[in-house]
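*Asks:* just coords:
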């Protein structure tokens, strides 16, 4: 089930109403059933996989707790089982298909395999549970059904934010009161999330997909602009999902951590990764970087650890070598920033130049992230670097969409920029007179713009495939 689907507009009010009518002791049971139906509606077979991986991790967690002498065995059982599931769905099919293609053979079974929605997110969440138990961070005292809800709570299950046990489980067990719902925060997050998804991301998808699906007919500046538009698209798509998820969770008195803090306003990659997809960044830092020794190792080893984390993150996104290129870009420039700051500790670049550097690196790297194949990626980069006579022409762009489309996209992006700058620099303080009325007018206007300019084709969220 998608947040931007018609069925969700029926599902959410119904679940919300029943949840608050039920006695406290039945709320979590109902929320678990609703969460499983949410996932079941996407693909019934994948519900079995979700239940299976969750059950294995719960059992391993109990064994880690009750059998201290053998806890490493059960930790590795959890790690291997989760990685095996990820490999079977994310890497085995493309690797096998490539091999069969080279052998001029076809086997429809591997062509039919699709990646379960949110597979990486919910396996990472339940896996972190076992790792934290092994590290002695908390005691496993929840019931089996409580753990299943911890993994599958429907607002965040498919694309995050990834939630730690200590953050979510206590909230699931507390008594909830309808009168304490933070309606203003919930509604604002949901409205803004839908605006970013339906008005910005899904409208930009038209030109971005058209460009990356036909890279040979576009010139250098058009490919660069398409890359920049994808930067905005993927940010609005993914952060829009998180905003909706966090807002919906608040309706059930669950507070999920903020997952994005205006990363496109960053002035360096270091700052970017402190603001961008915060929950997955924290996950890789906690369970990969620190496991490798973190920064408590010799300097050269510290740099290698950073490099490994970015490559692992790239591999997490998929088996295509284009993701590795994306990871290499970020690893190299992230390490470059460390070396520069070490060499010139008192030097700070002008903020605008820092922002321009970040956007440039992010755009060039996300072109690799979005490219359909490594062959396409090589063509894109070579075209961008080849300044032909028609390099700055937008003729090809204009054949795909009319001027009104570009006006709509520009207007929507302008609203995004203004709101992000307001949140970053607070030009209009909440203490000022008429701020409340202005804020209300803004969100009412956003709702109207969603219905007027929104793309209601129920396009899937980009990160569902990860």
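*Replies:* Everything's here; your move. None of these values were measured; they are calculated from a predicted model. Numbering: from 1, shown residues only.
*Asks:* mind checking which helix or strand of this protein has the lowest mean pLDDT?
*Replies:* The helix or strand of the chain with the poorest confidence is helix 108-112; it has a mean of 46 (mean pLDDT, DSSP states H and E).
*Asks:* what distance separates whichever helix or strand comes after that helix from the centre of its chain?
*Replies:* Going down the chain from helix 108-112, the next helix or strand is helix 119-134, by DSSP states H and E. Distance, stretch centre to chain centre, for helix 119-134: 17 Å (CA atoms, centre = their mean, to the nearest Å).
*Asks:* just stretch 412-424 next, same as before
*Replies:* Remark: stretch 412-424 is offset 20 Å from the chain centroid, using CA atoms, centre = their mean.
*Asks:* For that stretch, buried residues please.
*Replies:* Along stretch 412-424, these residues count as buried under the neighbour rule (16 or more other CB atoms under 10 Å): 412-413, 415-416, 419-420. Quick note: C-beta positions are derived from backbone N, CA and C, even for glycine.
*Asks:* In contact with the closest residue to residue 176 other than its chain neighbours, which residues?
*Replies:* Among residues not flanking residue 176 along the chain, residue 253 sits closest, at 4.2 Å (CB to CB, 6 or more residues apart in numbering). Counting by CB atoms under 8 Å, 6 or more residues apart in numbering, residue 253 makes contact with 171, 174, 176-177, 180-181.
*Asks:* circling back: among the buried residues of stretch 412-424, which pair sits farthest apart?
*Replies:* The distance between the two most remote of those (CB to CB) is 12.7 Å, for 412 and 420.
*Asks:* Now for the residue nearest to the spatial centre of the chain, which secondary structure element holds it?
*Replies:* For the chain, the residue nearest the mean C-alpha position is residue 238 (4.9 Å; CA atoms, centre = their mean). Using DSSP H and E, residue 238 falls within helix 220-250.
*Asks:* And for residue 210?
*Replies:* Assigned by DSSP H and E, residue 210 belongs to helix 202-212.
*Asks:* and that helix, average pLDDT?
*Replies:* Here helix 202-212 scores 90 as its mean pLDDT.
*Asks:* and that helix, what does it pack onto?
*Replies:* helix 220-250, helix 395-400, helix 403-425 (3 or more CB pairs under 8 Å, 6 or more residues apart in numbering; DSSP states H and E).
*Asks:* Make a markdown table from those and add mean pLDDT and distance to residue 28 to it.
*Replies:* Below are the helices and strands packed on helix 202-212 laid out as a markdown table (pLDDT from 0 to 100; distance: least, CB to CB, whole Å):
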| stretch | mean pLDDT | distance to residue 28 |
| --- | --- | --- |
| helix 220-250 | 92 | 14 |
| helix 395-400 | 79 | 49 |
| helix 403-425 | 90 | 34 |
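*Asks:* Now the terminal residues of stretch 420-438, how far apart.
*Replies:* Chord length of stretch 420-438, first to last residue, is 16 Å (CA to CA, to the nearest Å).
*Asks:* OK, contacts around residue 151?
*Replies:* 50, 54, 57, 122, 125-126, 157 are the contacts of residue 151 under CB under 8 Å, 6+ apart.
*Asks:* Dihedrals phi and psi, the residue in the chain sticking out farthest from the centre?
*Replies:* Ranked by distance from the centre of the chain (CA atoms, centre = their mean), the top residue is residue 389, with 39.0 Å. With angles defined as degrees, to the nearest 10, residue 389 sits at phi -60, psi -30.
*Asks:* picking up where we left off before, make JSON lines out of the contacts of residue 253 and add neighbour count and pLDDT.
*Replies:* Converted to JSON lines, the contacts of residue 253 look like this (neighbours: other CB atoms under 10 Å; pLDDT from 0 to 100):
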{"residue": "171", "neighbour count": "17", "pLDDT": "88"}
{"residue": "174", "neighbour count": "10", "pLDDT": "85"}
{"residue": "176", "neighbour count": "16", "pLDDT": "83"}
{"residue": "177", "neighbour count": "10", "pLDDT": "85"}
{"residue": "180", "neighbour count": "7", "pLDDT": "88"}
{"residue": "181", "neighbour count": "16", "pLDDT": "89"}
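*Asks:* Low-confidence regions, the stretch 301-450 of the chain specifically.
*Replies:* Within the stretch 301-450 of the chain, no stretch has pLDDT under 70.
*Asks:* Which residue ranges of it form helices?
*Replies:* In the stretch 301-450 of the chain, the helices defined using DSSP state H, counting those that start in this stretch lie at 321-343, 351-370, 374-385, 395-400, 403-425, 435-453.
*Asks:* Tell me which residues of the first one come out buried.
*Replies:* Residues of helix 321-343 classed as buried: 322-331, 333-335, 338 (neighbour count, 16+ other CB under 10 Å).
*Asks:* What angle do helix 374-385 and that helix make with each other?
*Replies:* Orientation check (axes from the mean of the first three to the mean of the last three CA atoms, to 10 degrees): helix 321-343 against helix 374-385 gives 50 degrees.
*Asks:* i'd like the first residue to be 15 from this point on
*Replies:* All set: I'll call the first residue 15, so the last point we hit is now helix 335-357.
*Asks:* by contact count, what packs against helix 335-357?
*Replies:* Applying 3+ CB pairs under 8 Å, 6+ apart, we find helix 335-357 packed against helix 283-289, helix 313-331, helix 365-384, helix 388-399.
*Asks:* What of the fourth one?
*Replies:* Contact partners of helix 409-414 among helices and strands, from 3+ CB pairs under 8 Å, 6+ apart: helix 216-226, helix 234-264.
*Asks:* Just give me how far the shortest one sits from the chain centre.
*Replies:* Centre-to-centre, helix 216-226 and its host chain are 19 Å apart (CA atoms, centre = their mean).
*Asks:* what does stretch 431-449 give?
*Replies:* Distance, stretch centre to chain centre, for stretch 431-449: 26 Å (CA atoms, centre = their mean).
*Asks:* mind listing the helices in the stretch 15-164 of the chain by residue range?
*Replies:* 20-35, 38-54, 58-80, 85-100, 106-116, 122-126, 133-148, 158-166.
*Asks:* Of these, flag the one that's most buried.
*Replies:* helix 133-148 (a mean of 23; mean count of other CB atoms under 10 Å).
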